[in-house]
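Trainee: generate a structure from the sequence data that follows.
(chains A and B)
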Amino acid sequence: EDKVVQSPLSLVVHEGDTVTLNCSYEVTNFRSLLWYKQEKKAPTFLFMLTSSGIEKKSGRLSSILDKKELFSILNITATQTGDSAVYLCAIESGSARQLTFGSGTQLTVLP
Amino acid sequence: EPEVTQTPSHQVTQMGQEVILRCVPISNHLYFYWYRQILGQKVEFLVSFYNNEISEKSEIFDDQFSVERPDGSNFTLKIRSTKLEDSAMYFCASKRTINSPLHFGNGTRLTVT
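Mentor: Have a look, this model is predicted:
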């Protein structure tokens, strides 16, 4: 059974801090790893990673995948209160490319 | 930016009743999915749909569930006889190609009383 473990479960930081969120996985038919931001409702797509060692970057957010060690990290620099959300890691696998989600990391950024 | 649209945003129903959750995927997308999230738990895969048929379903998606794409724009999830444990947020999602990232709608919160 595919498994995705995220850590920490929650994190409280102050504006301006840098955070690193972790995601490790076990999967039988890996296709890609995705990061989503979930505020109140819909998970919003952040990154899709398929190859090891290639950093994806979008503004203050970046992410990298290590397929040998089976983990990924999501970095957020210079955090803002608007970054407060649950960050979800998901593994895409199988022929239908269904996603298996982790429990998420609840990030709270204090002013 | 185009988005996945779900209606209603909240539905309350009595145990044993049938419900239909509606979704309009992004217009040029070809792959459609339903996920659910019980309060405080992980997002879970229910079913995937491509080329007018189910391509994969999870153990959760038993005989009381069905999906349909009745026309070129709508994608529906029907629960035939709701149970208390069906109470959850149901997310519709779509993607343009098999290799594209999945985009989610805002969800329908289903409450079964």
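
Trainee: chain A contacts on chain B?
Mentor: B:4, B:31, B:33, B:35, B:42-45, B:48, B:50, B:55-56, B:58, B:89, B:91, B:95, B:98, B:101-107 (Cβ under 8 Å from any Cβ of the partner chain). To be clear about C-beta, it is placed using only N, CA and C from the backbone, and glycine gets the same treatment.

Trainee: what helix or strand is the nearest residue to A:L70 once chain neighbours are set aside located in?
Mentor: Spatial nearest neighbour of A:L70, excluding adjacent residues (Cβ to Cβ, 6 or more residues apart in numbering or on different chains): A:Y25 at 5.4 Å. Taking DSSP states H and E as the definition, one finds A:Y25 inside strand A:19-26.

Trainee: so what's the residue of chain B found nearest chain A up against?
Mentor: With Cβ to the nearest Cβ as the measure, B:E56 is the residue of chain B nearest to chain A, at 3.4 Å. Neighbouring residues of B:E56 by Cβ atoms under 8 Å, 6 or more residues apart in numbering or on different chains: A:G94, A:S95, A:A96, A:Q98, B:V47, B:S48.

Trainee: in strands, which of those residues fall?
Mentor: Judged by DSSP state E, the contacts of B:E56 include A:Q98, B:V47, B:S48 as members of strands.

Trainee: quick check: B:R80 touching B:D62?
Mentor: No. Using Cβ atoms under 8 Å, B:R80 makes no contact with B:D62, being 10.0 Å away.

Trainee: which of these two has more residues huddled nearby?
Mentor: B:R80 (13 against 9; other Cβ atoms under 10 Å in any protein chain shown).

Trainee: can you pull the pLDDT of that one?
Mentor: For B:R80, the model assigns a pLDDT of 96.

Trainee: so which bits of chain A are right by chain B?
Mentor: A:34, A:36, A:41-45, A:48, A:88, A:90, A:92, A:94-104.
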